[in-house]
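Visitor: Sequence and computational prediction follow.
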Amino acid sequence: MFCVHCGTSIPGDCEYCPACGEKINSNSEGAHDKQKRSGNKKLFISLSCVIGTLVVLIVLFFVIILPSVKKSLMMGNNGSSIPTGDNQGVIDDSASEVTEAGDIITFGAYEQDNDFSNGPEPIEWIVLDNQDGRLLLLSHYVIENKPYNTVDADVTWENCTLRYFLNDEFYQSAFSEDEKKRIVSTTIPNPDNSFYGTEGGQDTIDNVFLLNIDEIGRYFSFNNGGIDQYGYSQQLLCEPTEYAKKVNNEALWILYIDSDEYNEHLLGQGYDNSCVGMTTTYWWLRTPGDNNGSVCSVRRNGSAGSYFIDTVGHEDGGVRPALWIQE
């Protein structure tokens, strides 16, 4: 302790300063002690501020920053839950992942391997279009073998038997109740045949349908020629399922593309050799042919156009359903 009057250091039990004789106030402190305690107080305040700041930063990290980092790591660059990749993989549609044209997804189930003991197989679909979450799908394979109409007669898409099959038997058997809720009932335009002028009939409202000539030209590129009359597109080559090959007394007309077939007929149309080894078939479109007793189709070699027609009662017709679903 120091004397507050003269600054002399004095014992703590002294009542009077031995140097100046002034009375010592036991409740007072020397200047040195005051400075020491003031410094300690400032240090405490500084440490409290630092600790408080650290607490706030830790809370922000765990509440805001860390969840954002985890979310970014789980998402692709485009904000989807998986990377889009090269569009060649099959995406399980039950995962509700972002899809784009060219992707292949599974949706519904239908007999395909012709082994009924193991139940129906998931249907693979090519995504042709994505309009604000509404997907236009086309079956990846020819999954049925049926005539466009069960008898040769003048018909349009509106009243052909294949339309009734797709929107009744196929629709009911291929999709669960939850999947049906995602299928978009759509107004289907049925324009005339642009080459022959044959009337296409009334527009229809369908859950499941066939593509027409205009949609083939819109969604597929051609290696040679065009859709107005006829052209060749490797993208239109389509293989049938084992079930489609066997059903209807094995009537499906198929083409095995070996090296000879490729070199003689397809190489000159601009196809690459990735098609060698494919077993393809032709498949119905809904555009009428040169009269209402005929209808357009895509040929086994991928040729298509308003010019290519078959009679509506032709038995060996491949079926590739199309539909719109909500993503």
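Guide: That came through fine.

Visitor: Number of residues surrounding Asp290?
Guide: Neighbour count of Asp290, defined by other CB atoms under 10 Å: 16. Glycine gets a C-beta too; all of them are placed from N, C-alpha and C.

Visitor: tell me the mean pLDDT for the longest strand along the chain?
Guide: Ranked by number of residues, the top strand in the chain under DSSP state E is strand 121-131. If you average the pLDDT over strand 121-131, you get 97.

Visitor: What of stretch 251-267?
Guide: For stretch 251-267, the mean pLDDT works out to 93.

Visitor: Please identify the buried residues of the longest strand of the chain?
Guide: Residues of strand 121-131 classed as buried: Glu121, Pro122, Ile123, Glu124, Trp125, Ile126, Val127, Leu128 (neighbour count, 16 or more other CB atoms under 10 Å).

Visitor: same question, stretch 273-281
Guide: Buried residues in stretch 273-281, counted by 16+ other CB under 10 Å: Cys275, Val276, Met278, Thr280, Thr281.

Visitor: which pair in these spans the largest distance?
Guide: Spatially, the most separated pair among these is Val276 and Thr281, at 16.6 Å (CB to CB).

Visitor: about what we covered before: go through the buried residues of strand 121-131 and say which is closest to Leu162.
Guide: Distances from the buried residues of strand 121-131 to Leu162 were compared by CB to CB; the smallest belongs to Ile123, at 17.3 Å.

Visitor: Not counting sequence-adjacent ones, nearest residue to that closest one?
Guide: Ranked by CB to CB, 6 or more residues apart in numbering and with sequence neighbours excluded, the top spatial neighbour of Ile123 is Gly108, at 4.7 Å.

Visitor: Give me the distance between that neighbour and Phe170.
Guide: Counting by CB to CB, to the nearest Å, the separation of Gly108 from Phe170 is 9 Å.

Visitor: can you check Thr204 too?
Guide: Counting by CB to CB, the separation of Thr204 from Phe170 is 16 Å.

Visitor: Need the per-residue pLDDT for the closest residue to His314 other than its chain neighbours.
Guide: Closest residue to His314 apart from its sequence neighbours, by CB to CB, 6+ apart: Pro147 at 5.9 Å. Looking at Pro147, its pLDDT reads 95.

Visitor: Can you classify Pro147 as helix, strand or coil?
Guide: Assigned by DSSP: H, G, I helix; E, B strand; the rest coil, the conformation of Pro147 is coil.

Visitor: what does Ser117 give?
Guide: Quick answer, by three-state DSSP: Ser117 is helix.

Visitor: is it true that Phe195 touches Phe308?
Guide: No: at 9.9 Å, Phe195 and Phe308 do not qualify as touching, with contact defined as CB atoms under 8 Å.

Visitor: before we move on, the earlier item: pick out whichever of Gly108 and Phe170 has more residues nearby.
Guide: Remark: of Gly108 and Phe170, Gly108 carries more neighbours, 24 against 21, as counted by other CB under 10 Å.

Visitor: show me the contacts for the more buried one.
Guide: Listed by CB atoms under 8 Å, 6 or more residues apart in numbering, the contact set of Gly108 reads Pro122, Ile123, Ala174, Phe175, Ser176, Glu179.

Visitor: tell me which residues in stretch 169-187 are buried?
Guide: Using 16+ other CB under 10 Å as the test for burial, stretch 169-187 gives Phe170, Tyr171, Ala174, Phe175, Glu179, Arg182, Ile183, Thr186.

Visitor: can you give me the mean pLDDT across whichever strand or helix holds Tyr171?
Guide: Element membership for Tyr171 (DSSP states H and E) is helix 171-174. Averaged over helix 171-174, pLDDT sits at 98.

Visitor: what does that helix contact?
Guide: Under the criterion CB under 8 Å, 6+ apart, residues Gly108, Ala109, Tyr110, Pro120, Ile123, Lys180, Ile183, Asn207, Val208 lie in contact with helix 171-174.

Visitor: Swap in 10 Å and give it another go.
Guide: Applying CB atoms under 10 Å, 6 or more residues apart in numbering, the external contacts of helix 171-174 come out as 107-111, 120, 123, 139, 143, 165-166, 179-180, 183, 206-208, 321, 323.

Visitor: May I have it exported as CSV, CA atoms only?
Guide: Only the C-alpha atoms of helix 171-174 are listed here, as CSV (Å, rounded to 0.1, in the frame of the first residue of the first chain):
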residue,chain,number,x,y,z
TYR,A,171,-53.3,-47.4,-69.7
GLN,A,172,-55.1,-49.4,-67.0
SER,A,173,-52.5,-52.2,-66.9
ALA,A,174,-49.2,-50.4,-67.3
